[in-house]
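> give me coordinates for this.
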Amino acid sequence: MHLRKFPKLRMPAGLLEAYARPPRSPDDCIFAQTTTCVSADFERQIAPCQFGGNPDCSNCGCIASAGLKAVGRHRLPGGVAVGAVFERSLALGRRVRRVRSYLAS
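This next block holds a predicted model:
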């Protein structure tokens with residue numbers, strides 16, 4: 001369908017689907033959750049994603065966001081979605097960070 005409507009647009013169907021349904025917010029974006037962006041002078045962190053401030057995720061055109069969303073939907077042997085592995089890993093990392101912060105204080 002997409003090739004008939006946009007014959008010069010060539011992307012895997014999963015990536016096109018990710019663009020058609022972007023994350024609702026940076027909290028739902030695997031790329032925003034797994035990267036830290038900084039300004040060109042390395043003086044400031046850019047948050048909540050690479051677009052900073054209050055991004056309009058409904059119009060996201062970020063290839064990294066779409067690509068990681070497409071990857072996140074893939075299923076591993078046993079049926080576990082790659083995105084679920086990302087989410088568990090991030091949750092564990094946050095807990096470890098809190099414990100380290102507590103122990104350092």
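
> what about the strands in this protein?
37-38, 45-46 (DSSP state E).

> tell me which other helices or strands the first one touches.
Pointing back at strand 37-38 there. Where contact means 3 or more Cβ pairs under 8 Å, 6 or more residues apart in numbering; DSSP states H and E, strand 37-38 is packed against strand 45-46. In short, each C-beta sits where N, CA and C put it, glycine included.

> residues in contact with the strand it packs on?
Residues outside strand 45-46 that contact it (Cβ atoms under 8 Å, 6 or more residues apart in numbering): Thr36, Cys37, Val38, Ser39, Gly52.

> burial count for the third one?
I take that to be Val38. For Val38, the neighbour count with other Cβ atoms under 10 Å is 12.

> what's the answer for the last one, then?
Other residues within reach of Gly52 by the criterion other Cβ under 10 Å amount to 13.

> quick check: beta-bridge partners of the residue nearest to it when sequence neighbours are not counted?
Excluding the flanking residues, the one nearest Gly52 by Cβ to Cβ, 6 or more residues apart in numbering is Ile46, at 4.5 Å. Counting by DSSP bridges, Ile46 forms beta bridges with Cys37.

> what number of residues lie near Ile46?
Quick note: Ile46 (other Cβ under 10 Å) scores 15 neighbours.

> picking that back up, nearest to Glu87, out of the strands of the chain?
Closest of the strands of the chain to Glu87 is strand 37-38, at 20.3 Å (criterion: Cβ to Cβ).

> any residues touching the closest one, and which ones?
With Cβ under 8 Å, 6+ apart, strand 37-38 has contacts from Arg44, Gln45, Ile46, Ala47, Cys49, Gln50, Gly52.
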